[in-house]
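In: Return a 3D structure for these sequence lines:
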Amino acid sequence: MKQRFLFSLIAVTMFAAPRGQAQTAPQTCAGCFLGVYDDAAMSRISGTISPFQIKSVYLGIQFGDAVTGLEKLSFEATYPPGFTVLEVTPYVAGANIVTTGSRSVRVEWPRCVQGSRLLFRVRLLSTRSVQNAAVQIRGATLQTCTAAGASTVGIPAGCYVLNPRGPSPCTTGIVPTTWSITKGLYKTDAGR
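Out: This next block holds a predicted model:
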């Protein structure tokens with residue numbers, strides 16, 4: 001009985017397995033980070049906003065050693081209810097921005113964008129008073145531009161907190177260089 005079960009399991013596995021090359025998830029860009037920042041220096045990952053105040057946030061990329069440039073970028077942006085994106089200003093000439101669905105974005109450039117840098121300024125408007133509101137990037141991938149040819153890789157992405165109070169609402173991993181900044185947001189005067 002056990003032999004018959006084992007044989008059946010092997011047979012099902014062999015015939016159910018897809019033929020040809022297996023599809024794999026894109027590799028992750030080691031040392032890279034796509035972040036939302038409060039400042040053009042890409043150093044603050046939180047800020048303040050009041051109802052009906054226009055707020056600028058910045059989307060920037062930091063490259064690791066293995067990847068130094070990109071031609072295409074895709075991601076999903078989530079933001080709190082009551083927020084409206086008023087304007088997106090590219091900091092790299094020639095950006096072709098395509099939104100698909102309500103929050104998915106695909107960007108293509110006519111030539112390789114190299115080096116860690118700001119990519120966009122995004123102007124937001126909130127119609128509500130918010131606390132601990134997260135603007136988050138998810139599912140980010142980029143197409144590299146190297147002499148060896150283009151490849152698509154995943155890229156860790158960040159979370160930006162508006163009017164931070166209490167525990168962080170972010171569920172995205174944070175690169176070590178920004179972790180100390182994040183921890184500093186939630187310290188009390190007694191803990192310093």
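
In: OK, contacts around the residue minimising distance to the centre of the chain?
Out: Nearest to the mean C-alpha position of the chain, by Cα atoms, centre = their mean, lies Ala157 at 2.9 Å. Contacts of Ala157 were listed using Cβ atoms under 8 Å, 6 or more residues apart in numbering, and they are Phe33, Leu34, Gly35, Phe75, Gln136, Ile137, Arg138, Gly139, Ala140, Thr172. Every C-beta, even on glycine, is put in place using the N, C-alpha and C of the backbone.

In: Check Ala95 too.
Out: Contacts of Ala95 (Cβ under 8 Å, 6+ apart): Val107, Glu108, Trp109, Leu119, Phe120.

In: Quick check: phi and psi on the first one?
Out: By that I understand Val107. phi -130, psi 140 (degrees, to the nearest 10).

In: Name whatever forms a beta bridge with it.
Out: Leu73, Ile97 (DSSP bridges).

In: how many neighbours does it have?
Out: 23 (other Cβ atoms under 10 Å).

In: I figured it hits Leu70, correct?
Out: No. When contacts are counted by Cβ atoms under 8 Å, Val107 is not listed as touching Leu70 (9.1 Å).

In: quick revisit: write the ChimeraX selection for whichever of the contacts of Ala157 are buried.
Out: Per 16 or more other Cβ atoms under 10 Å, the buried members of the contacts of Ala157 correspond to this ChimeraX selection:
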select :33,34,35,75,136,137,140
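
In: Take the contacts of Ala157 and write them to TSV, including distance to Thr100, pLDDT and secondary structure.
Out: Formatted as TSV, the contacts of Ala157 follow (distance: Cβ to Cβ, whole Å; pLDDT from 0 to 100; DSSP: H, G, I helix; E, B strand; the rest coil):
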residue	distance to Thr100	pLDDT	secondary structure
Phe33	23	93	strand
Leu34	18	95	strand
Gly35	22	95	strand
Phe75	11	94	strand
Gln136	18	92	strand
Ile137	15	94	strand
Arg138	14	92	strand
Gly139	12	93	strand
Ala140	14	94	strand
Thr172	21	45	coil
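
In: Brilliant, that's me finished.
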